[in-house]
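Participant: Model the structure of this input:
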Amino acid sequence: QVQLVESGGGLVQAGGSLRLSCAASGTIFSISAMGWYRQAPGKQRELVATITSGGSTNYVDSVKGRFTVSRDNAKNTVYLQMNSLKPEDTAVYYCNAWISTGWLLSPKGYWGQGTQVTVSS
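Facilitator: Got it, this is the predicted structure:
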């Protein structure tokens, strides 16, 4: 079994910063892409940022220049550093990872439980 456990959410004023962490544990053979999604009330879940095992990154336009995604492969952990936060960044943030649990097994997508980020104006 695989688990993704997130931490680091909370309440912050506009212009502030938060750092989210997501650690994968369990039967892990390899992890390919990892990333973060978010879902605001009444809206669909959207991609925020992704990072490949080689370190290539991708961001939604609205967070470019403010958010940075990174990972520690030795710790099976992905991070999201969020700076210059805006009220519109308020959402539940979900960690996602594509994980293979064995030799020759195709990766499957796993999700964390979500962590609330609230940015006050």
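
Participant: hmm, who's touching stretch 7-25?
Facilitator: Contact with stretch 7-25 is made by 2-6, 31, 34, 36, 75-87, 93, 95, 97, 99, 110, 112, 115-121, as judged by CB atoms under 8 Å, 6 or more residues apart in numbering. Where you see a C-beta, it was placed from the backbone N, CA and C, and this is true even at glycine.

Participant: gap between the nearest residue to residue 22 once chain neighbours are set aside and residue 87?
Facilitator: Computed as CB to CB, 6 or more residues apart in numbering, the closest residue to residue 22 that is not its neighbour in sequence is residue 95, at 3.3 Å. For residue 95, the distance to residue 87 equals 22 Å [CB to CB, to the nearest Å].

Participant: can you give me the strands for this protein?
Facilitator: 2-7, 10-13, 18-26, 30-39, 46-51, 57-59, 67-72, 77-82, 91-100, 108-111, 115-120 (DSSP state E).

Participant: circling back to that earlier point, buried members of the contacts of stretch 7-25 into PyMOL, please.
Facilitator: Listed next is the PyMOL selection for buried residues among these, using 16 or more other CB atoms under 10 Å:
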select buried, resi 2+4+6+31+34+36+76+77+78+79+80+82+85+93+95+97+99+110+112+115+117+119
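
Participant: For stretch 50-57, buried residues please.
Facilitator: Neighbour-count burial for stretch 50-57 [16+ other CB under 10 Å]: 50, 51.

Participant: Only C-alpha atoms, please: export that stretch in CSV.
Facilitator: These are the backbone C-alpha positions of stretch 50-57, laid out as CSV (Å, rounded to 0.1, in the frame of the first residue of the first chain):
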residue,chain,number,x,y,z
THR,A,50,4.4,19.2,-11.4
ILE,A,51,8.0,17.9,-11.2
THR,A,52,9.4,14.9,-13.0
SER,A,53,11.9,12.5,-11.4
GLY,A,54,14.6,14.3,-13.4
GLY,A,55,13.6,17.7,-12.0
SER,A,56,11.7,19.2,-14.9
THR,A,57,8.9,21.5,-13.7
